[in-house]
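Trainee: What follows is a predicted structure for the sequence shown.
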Amino acid sequence: MAEACCPASCGELLQGWLLGGEKLISCPINWFSYVSVSEGIPMAHERPRMRQMVNLLLDYWHGTPQLTADLRIEYQSTIPIAKGMASSTADIAATAQATARLLGQPLNSTELAQLCVRLEPTDSTIFERLTLFDHLTAQTQIAFDWQPDIDILLLESSQTLLTQEYHQQDHRRQLLDNAPLLRQAWQQFRTANQQHNPYRLGEACTLSALADQSILPKPCFNLLQDLVEQTGIYGLNVAHSGSVVGLLFNSHHHDADYLCWWLHQKKISAHYPNIHHVKLIAGGVR
């Protein structure tokens, strides 16, 4: 048996039209999809994309197609589905790495990215470092060397949206209209990386979230912006193809209990009934 895990994402730190096409930078957090692959009879109830990844790998390695019938996939995940939290990316990436380990095959992050996008739009949580990524083609991979120390209050809505359905819709006009705002966000993000400045990072994320309001608006967005300004936290980010929102802060400098109290006082928690304290972490398949 071989095992692997891949983190979830609290939406994206940045997403929009950059460098000639739509790109994103995921926000990996300390929730995971755990996958084990072993020799044995396949389970009756699998997540289909996991089996598709095994079959894709066997084809990639010119393996015997019949081998898939002798591989058993088991999984455990704490990641909510259809909320914009990279649950599917975590599933297929962890499945790929576990399968590679079982079969003694090397699989680097660039190969993994190219394989994942053949199945579906892919989050950059598969990379260890924060990475600007073309989630549709895997052609763009710009990594950053700074790992920010950031806490996140993850606001989980009850609304669901399948990423595949989102990408079937044509958002090109809104993306192009928002491109100037995304360029500002991109510049702020690069400045944040150069200076190791979480406030510049928060500003970049907030700009990207603001641009996304014309595509997939989040409830109480203006109130959440007010909270950022009043409390001096770093900023907020959103799932650009999902429903979650993240409040970016540092628990040593900001009062998480006050943030939660404020959300309840303003009745924002009615739109986001589940509030989780999570951490921005390094990405990559473990």
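Mentor: Looks like it came in fine.
Trainee: C-alpha from now on. contacts and neighbour counts both.
Mentor: Fine.
Trainee: residue boundaries of the helices in the stretch 51-200 of the chain?
Mentor: Assigned by DSSP state H, counting those that start in this stretch, the helices in the stretch 51-200 of the chain fall at 87-103, 109-119, 163-168, 172-177, 179-195, 198-212.
Trainee: Would you mind listing where the stretch 51-200 of the chain has pLDDT under the threshold?
Mentor: The stretch 51-200 of the chain contains residues with pLDDT under 70 at 162-168.
Trainee: if we go to 90?
Mentor: Residue ranges of the stretch 51-200 of the chain with pLDDT under 90: 62-70, 78, 158-174, 177.
Trainee: right, and residue 37 touches residue 1 too?
Mentor: Yes: in this structure, residue 37 is within contact of residue 1 by CA atoms under 8 Å, at 5.7 Å.
Trainee: Overlap in contacts, those two.
Mentor: Counting by CA atoms under 8 Å, 6 or more residues apart in numbering, the shared contacts of residue 37 and residue 1 are residue 102.
Trainee: domain assignment for the protein?
Mentor: 2-142, 149-280 (the TED database).
Trainee: among those domains, which is nearest residue 286?
Mentor: Of all the domains of the chain, it is domain 2-142 that lies closest to residue 286, at 5.3 Å by CA to CA.
Trainee: average pLDDT across the strand ranked longest in the chain?
Mentor: In terms of residue count, the longest strand belonging to the chain (DSSP state E) is strand 21-39. Summarised as a single mean, pLDDT over strand 21-39 is 97.
Trainee: what comes up buried for it?
Mentor: By neighbour count on 16 or more other CA atoms under 10 Å, the buried set for strand 21-39 is 22-38.
Trainee: If you count contacts, what does it end up packed against?
Mentor: Applying 3 or more CA pairs under 8 Å, 6 or more residues apart in numbering; DSSP states H and E, one finds that strand 21-39 makes contact with strand 2-18, strand 71-77, helix 87-103, strand 131-133, strand 274-279.
Trainee: So which of these is nearest residue 211?
Mentor: Nearest to residue 211, of all these, is strand 2-18, at 8.2 Å by CA to CA.
Trainee: thinking again about what came up before, any chance of the helices of the stretch 51-200 of the chain in CSV, plus mean neighbour count and distance to residue 280?
Mentor: Formatted as CSV, the helices of the stretch 51-200 of the chain follow (neighbours: other CA atoms under 10 Å; distance: least, CA to CA, whole Å):
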stretch, mean neighbour count, distance to residue 280
helix 87-103, 26, 16
helix 109-119, 18, 20
helix 163-168, 13, 22
helix 172-177, 15, 26
helix 179-195, 18, 15
helix 198-212, 24, 12
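Trainee: And those helices: which comes nearest residue 55?
Mentor: In terms of CA to CA, the element of the helices of the stretch 51-200 of the chain nearest to residue 55 is helix 87-103, at 9.9 Å.
Trainee: ok now the closest one, how far from the chain's centre?
Mentor: Centroid separation for helix 87-103 versus its chain: 16 Å, with CA atoms, centre = their mean, to the nearest Å.
Trainee: Burial check on the nearest residue to residue 55 once chain neighbours are set aside, number of neighbours?
Mentor: Excluding its sequence neighbours, the residue lying closest to residue 55 (CA to CA, 6 or more residues apart in numbering) is residue 68, at 6.5 Å. Neighbour count of residue 68, defined by other CA atoms under 10 Å: 19.
Trainee: ok, residue 68 - contacts?
Mentor: Contacts for residue 68 (CA under 8 Å, 6+ apart) come out as 54, 55, 58.
Trainee: repeat that for 10 Å
Mentor: 39, 40, 41, 42, 51, 52, 54, 55, 57, 58 (CA atoms under 10 Å, 6 or more residues apart in numbering).
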